[in-house]
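Chemist: Predicted model, plus sequence, below.
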Amino acid sequence: MSNLVSVAEQFKPSVKVIDIKEFGNGNINKTFLVTLNAKEKQFVLQRINTRVFHQPELVMLNMRISTEHMRRRLRHFPLSSGHRWEVLHVLLTQDGQDHWVDSEGSFWRAISLIDNAQSFDTVRDIGHAREAGYALGIFHTLLSDLPSGKLADTLKGFHVTPYYLQHYHKVLIKYSAGKSPEVNYCLQFVNERSAWANVLETARAQGRLRLRTIHGDPKVNNIMMDTASGQAISFIDLDTIKPGLVHYDIGDCLRSGCNPLGEETKQWETVRFDTDLCRAILQGYLSMANEFLTGNDFDYLYDSIRLLAFELGLRFFTDYLEGNVYFKVRYPEHNLDRALVQFRLTGSIESQETAIRNIIKDLR
Ligand code: GN1
Ligand code: MG
């Protein structure tokens, strides 16, 4: 890998770099925190995984279009009193580029760091849950008048569950290793839900749901919380801002926010979906989103919660069967363990269907 200091200097020439260390725990890109000897003390440096993002220039273009749009919109935005909201800045190189390609062909970009803020892998309490939902509501509202056609589709098939199922079947045909009880459990779990898994795409094809501009990865640890006030103040990880259904975002935020054990737990058998957290996230979200959600949108909220948990389980499981080619892993069964967590969560959502539907009805 290139010398990190010289990469960092592309984005901050003439400032002394004091320290660079690995940062966060993303599953795709490589992320570093750069500390400078300057007033603006730190920034985030990332190497984009081009095996996942085949056109990283378009990822950067989407990011610039959407952040500039959100910043403009924010100037006249009725935030609740005392609330701050920040939009990330893309840092440019000396010659005005939003990325830098090193001699080995690696694609680098730099992003501002939000001061006095932190994120958490799991939701800590009801207040945090409400703030997380509110954050997604602000984010969607800020982008609600940016036509999704202005953005490129940087990751074809992202969150299109039937596409993941197709890929899964191709991988399965080639899979020849032994089938442990856990693998058999997953095989059966997927099998029993394949017919339903096109629910959102069918609704989209029928014109019931329409494409908007979405975040794509609004899990809890992508929401920054102010360290002093505990309020949500920003969304990070803007790589997957692109056209999609808001349902992908809502489902993803809930599958992440309502799983108190977190997606990396080893205790998959005790994973559950917490309906109190679900109510709080939806309350926060709908306090903003009620303005632009349609009746059809509401009708598919339950399915979106169930589907995004199932879909992530399917993506992890497929990657395990395929030999861990997509998500970073720390050990060979890591993706299998992650899949079990998401399938358990899906099962818990299914067993509480009536309660979840009632929450949605109450808040509508
Ligand atoms: C990946 O790299 P990271 O952690 O931001 C993935 C998301 C998954 C998430 C699960 C581009 O996001 O879709 O929900 O892992 N991102 C991509 O933790 O596939
Ligand atoms: Mg991400």
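Modeler: Received, thanks. Numbers count the residues shown, from 1 in each chain. Ligands and ions are numbered 1, 2, ... in the order given.
Chemist: which one is the residue nearest the centre of the chain nearest to, not counting chain neighbours?
Modeler: For the chain, the residue nearest the mean C-alpha position is Asp217 (1.2 Å; CA atoms, centre = their mean). Counting by CB to CB, 6 or more residues apart in numbering, Thr240 is the residue found nearest to Asp217 once chain neighbours are left out, at 4.9 Å. Using the backbone N, CA and C atoms, a C-beta is placed for each residue, glycine as well.
Chemist: Just to check, that neighbour is in contact with Leu151?
Modeler: No. Judged on CB atoms under 8 Å, Thr240 makes no contact with Leu151 at a distance of 10.6 Å.
Chemist: Show me the helices in the stretch 251-364 of the chain, by range?
Modeler: Taking DSSP state H, counting those that start in this stretch as the criterion, the stretch 251-364 of the chain carries its helices at 275-289, 295-299, 301-322, 334-351, 353-363.
Chemist: list the contacts for the closest residue to ligand 2 within the chain?
Modeler: Closest approach of the chain to ligand 2 (CB to the ion) occurs at Asp217, with a separation of 3.7 Å. Shown in contact with Asp217 (CB atoms under 8 Å, 6 or more residues apart in numbering): Asp237, Asp239, Thr240, Asp252.
Chemist: what do you get if the cut-off is 10 Å, keeping everything else the same?
Modeler: 26-28, 158-159, 235-241, 248-249, 252-253, 256 (CB atoms under 10 Å, 6 or more residues apart in numbering).
Chemist: show me the contacts for Leu165.
Modeler: Leu165 makes contacts with Val190, Arg193, Ser194, Ala197, Asn198, Glu311, Leu314, Thr318, as judged by CB under 10 Å, 6+ apart.
Chemist: on that earlier part again, so can I have JSON lines of the helices of the stretch 251-364 of the chain showing distance to Ala205, mean pLDDT and mean neighbour count?
Modeler: Output for the helices of the stretch 251-364 of the chain, formatted as JSON lines (distance: least, CB to CB, whole Å; pLDDT from 0 to 100; neighbours: other CB atoms under 10 Å):
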{"stretch": "helix 275-289", "distance to Ala205": "23", "mean pLDDT": "97", "mean neighbour count": "22"}
{"stretch": "helix 295-299", "distance to Ala205": "13", "mean pLDDT": "98", "mean neighbour count": "14"}
{"stretch": "helix 301-322", "distance to Ala205": "15", "mean pLDDT": "98", "mean neighbour count": "24"}
{"stretch": "helix 334-351", "distance to Ala205": "23", "mean pLDDT": "98", "mean neighbour count": "22"}
{"stretch": "helix 353-363", "distance to Ala205": "23", "mean pLDDT": "98", "mean neighbour count": "14"}
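Chemist: Out of those helices, which gets nearest to ligand 1?
Modeler: If you check each of the helices of the stretch 251-364 of the chain against ligand 1 by CB to the nearest ligand atom, helix 301-322 wins as the nearest, at 5.4 Å.
Chemist: Quick check: residues of this structure near ligand 2?
Modeler: The chain has residues Asp217, Asp237 near ligand 2, with proximity defined as CB under 5 Å from the ion.
Chemist: Residues of the chain that sit close to ligand 1?
Modeler: Gly26, Asn27, Ile28, Val52, Asp217, Lys219, Asp237, Thr240, Glu263, Leu312 (CB under 6 Å from any ligand atom).
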